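> got a predicted structure plus its sequence, pasted below:
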Amino acid sequence: MFFDDEVIELIANCSNNQAFQKGNIKLKVTVNDIKVFLGIHLLRGYSSVPRYRIYWETSKVCTRIDNLTLDENDKFGKVRPLWLLISQRWLRAFPKDSNLSIDEALVPYYSQPGAKQHIHGEPYQSASTGNTHPELGVGGSVVIYLVDKFPLGQYSIYIDKFFTSVRLLEELKVGATTAPGLFDRIELRKHP
């Protein structure tokens, strides 16, 4: 559904371009090669490799976007074209349910994670949080960002205390979106 021929062709073309740019190698990756590669990952689960003959590795050439046209200021630039295509596919397949949940989720999987994340009771502390609506906080910015991507309609967004604030609920009400959610005691004290 998300990885249709257009997405797979983009990955194949980017792989070929990257191989040529990195080492003047004419890799000739085909759409079928990428389908096999994706199939391996689906069968293997969340892949972390070390061994399995590193999936028949010949070099560290991987699927990336053309570095010659890459915007140096866009930290997400190498995967943005793929991300946009998959996002478009998701919106086409978007369930037409008016009740949606935005929350941290635990998804069971049975492999070793390749990347680890540590959150010790605190949200992300780096300089860049992607907080596009500072008045709403990081959680509120996430909710607004996601709601803005939804097709037009009325929604009930279910959120937990990390995302909930009085200002966010006021903002959502303007767009005819309701948001039942849990409040942090501190947030309630700010708005008696």
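Done, it's in. Numbers count the residues shown, from 1 in each chain.
> tell me how this structure divides into domains.
When the chain is parsed with automatic domain parsing, its domains come out as 5-91, 96-190.
> by mean pLDDT, show me the worst of those domains.
Across those, the stretch with the lowest average pLDDT is domain 96-190; it has a mean of 68.
> all strands for this structure, in order.
99-102, 156-159 (DSSP state E).
> by contact count, what packs against the first one?
Using 3 or more C-beta pairs under 8 Å, 6 or more residues apart in numbering; DSSP states H and E as the contact criterion, the neighbours of strand 99-102 among helices and strands are helix 137-149, strand 156-159. Backbone N, C-alpha and C define where each C-beta goes, glycine included.
> make JSON lines out of the ones you listed and add distance to residue 28.
Compiled in JSON lines, the helices and strands packed on strand 99-102 are given as follows (distance: least, C-beta to C-beta, whole Å):
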{"stretch": "helix 137-149", "distance to residue 28": "37"}
{"stretch": "strand 156-159", "distance to residue 28": "47"}
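> now for these, which one comes closest to residue 101?
Residue 101 sits nearest to strand 156-159 of all the helices and strands packed on strand 99-102, at 4.5 Å, using C-beta to C-beta.
> who's in contact with the closest one?
Outside of strand 156-159, the residues that reach it under the criterion C-beta atoms under 8 Å, 6 or more residues apart in numbering are 98-103, 139, 143, 147, 172, 177-182.
> which of these count as buried?
Neighbour counting by 16 or more other C-beta atoms under 10 Å classes 100, 102, 139, 143, 147, 172, 177, 179, 181 among the contacts of strand 156-159 as buried.
> any idea how far residue 150 lies from residue 7?
In this structure, residue 150 lies at 22 Å from residue 7, with C-beta to C-beta, to the nearest Å as the measure.
> okay, the two: which has more neighbours?
When neighbours are counted by other C-beta atoms under 10 Å, residue 150 and residue 7 differ, and residue 7 comes out ahead with 18 against 15.
> so what's that one up against?
Taking C-beta under 8 Å, 6+ apart as the criterion, residue 7 is in contact with 82, 85, 86, 89.
> let me know the closest of these to residue 33.
Using C-beta to C-beta, residue 82 is the member of those that lies nearest residue 33, at 16.4 Å.
> from residue 18, how far out is residue 80?
As defined by C-beta to C-beta, residue 80 lies at a distance of 15 Å from residue 18.
> do residue 81 as well
From residue 81 over to residue 18 (counting by C-beta to C-beta), the distance is 13 Å.
> who has more neighbours, the two?
Comparing residue 81 with residue 18 by neighbour count (other C-beta under 10 Å), the higher total belongs to residue 18, at 21 against 15.
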